[in-house]
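Chemist: Got a predicted structure here, sequence first:
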Amino acid sequence: GDSVTQTEGPVTLSEGTSLTVNCSYETKQYPTLFWYVQYPGEGPQLLFKVPKANEKGSNRGFEATYNKEATSFHLQKASVQESDSAVYYCALSGTSGGNYKPTFGKGTSLVVHP
Amino acid sequence: NSKVIQTPRYLVKGQGQKAKMRCIPEKGHPVVFWYQQNKNNEFKFLINFQNQEVLQQIDMTEKRFSAECPSNSPCSLEIQSSEAGDSALYLCASSQVDTGQLYFGEGSKLTVL
């Protein structure tokens, strides 16, 4: 079956430093890749998605490139803020026929100190 | 601001009691998922529906868990006889067909004493 492996947290950073959260995946299909973010007390929400290989997704200063050859989708941000403290999930999903089951990584908790 | 509405936000049950959670998917989304999120933030897929029909479900769901998505009524997930290991955040998500993108509710946090 499908699987997603991402950086084990917690990741603790100071404001203004750079972030990389690694994500690698295994699947036999050609998936769409996602990053979701979950703030305390809330459900996960989409950060961005990338449906095609070699394309980049971005939102709120976060970005990731769909690398099909390396089966990776690493999340990066040049300068984190305290408000970025949350849990980040890498996920993949097929999109054909409606009979799909998105697969999530175990989440990476990010704590940003002022 | 979630457009997927889950109720209740919190529920506390004793072992052996029933626990029922409801979900109103986002308007126009025919696909509904239920996930269990444990205290380590890990997601476990439970079941999904397209309209009123079950697409996939795991063994756990088939035994003590029941779920439905009737037309014109909220979807629901019910645990027939709660166990301590069922304590978790239960997340409902909805989606359009063929996008793979999920829209989550805020979850129902179940505590089984």
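Modeler: Thanks, I have the structure now.

Chemist: Give me the pLDDT for the spatially closest residue to B:Leu113 that is not a sequence neighbour.
Modeler: The shortest distance from B:Leu113 to any non-neighbouring residue, by C-beta to C-beta, 6 or more residues apart in numbering or on different chains, is to B:Gly14 (5.5 Å). In this view, the C-beta of every residue, glycine as well, is placed from N, C-alpha and C. We note a pLDDT of 97 for B:Gly14 in this prediction.

Chemist: Show the contacting residues for B:Tyr10.
Modeler: B:Ser108, B:Lys109, B:Thr111 (C-beta atoms under 8 Å, 6 or more residues apart in numbering or on different chains).

Chemist: Would you quantify the distance from it to chain A?
Modeler: According to C-beta to the nearest C-beta, to the nearest Å, B:Tyr10 stands 11 Å off from chain A.

Chemist: Can you tell me how far that residue is from B:Lys39?
Modeler: 15 Å (C-beta to C-beta, to the nearest Å).

Chemist: Next secondary structure after the worst-scoring helix or strand of chain B on mean pLDDT?
Modeler: Least confident element among the helices and strands of chain B, by mean pLDDT, DSSP states H and E: helix B:59-63 (a mean of 70). Using DSSP states H and E, the next helix or strand after helix B:59-63 towards the C-terminus is strand B:65-68.

Chemist: Identify each buried residue in the helix or strand just after that following strand, please.
Modeler: Going down the chain from strand B:65-68, the next helix or strand is strand B:75-79, by DSSP H and E. Neighbour-count burial for strand B:75-79 flags B:Cys75, B:Ser76, B:Leu77, B:Ile79 (criterion: 16 or more other C-beta atoms under 10 Å in any protein chain shown).

Chemist: Likewise for stretch B:20-33?
Modeler: Buried, per 16+ other C-beta under 10 Å, within stretch B:20-33: B:Met21, B:Arg22, B:Cys23, B:Ile24, B:Pro25, B:Glu26, B:His29, B:Pro30, B:Val31, B:Val32, B:Phe33.

Chemist: Only alpha carbons, please: show that stretch as CSV.
Modeler: C-alpha atoms of stretch B:20-33 as CSV (Å, rounded to 0.1, in the frame of the first residue of the first chain):
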residue,chain,number,x,y,z
LYS,B,20,-22.0,8.9,18.5
MET,B,21,-20.5,11.7,16.5
ARG,B,22,-22.0,13.6,13.6
CYS,B,23,-20.7,15.4,10.6
ILE,B,24,-22.2,17.8,8.0
PRO,B,25,-19.9,17.8,5.0
GLU,B,26,-19.2,20.9,3.0
LYS,B,27,-22.0,21.7,0.6
GLY,B,28,-21.6,20.0,-2.8
HIS,B,29,-19.1,17.4,-1.5
PRO,B,30,-20.3,13.9,-2.1
VAL,B,31,-17.3,12.1,-0.6
VAL,B,32,-17.0,11.8,3.2
PHE,B,33,-14.1,10.4,5.2
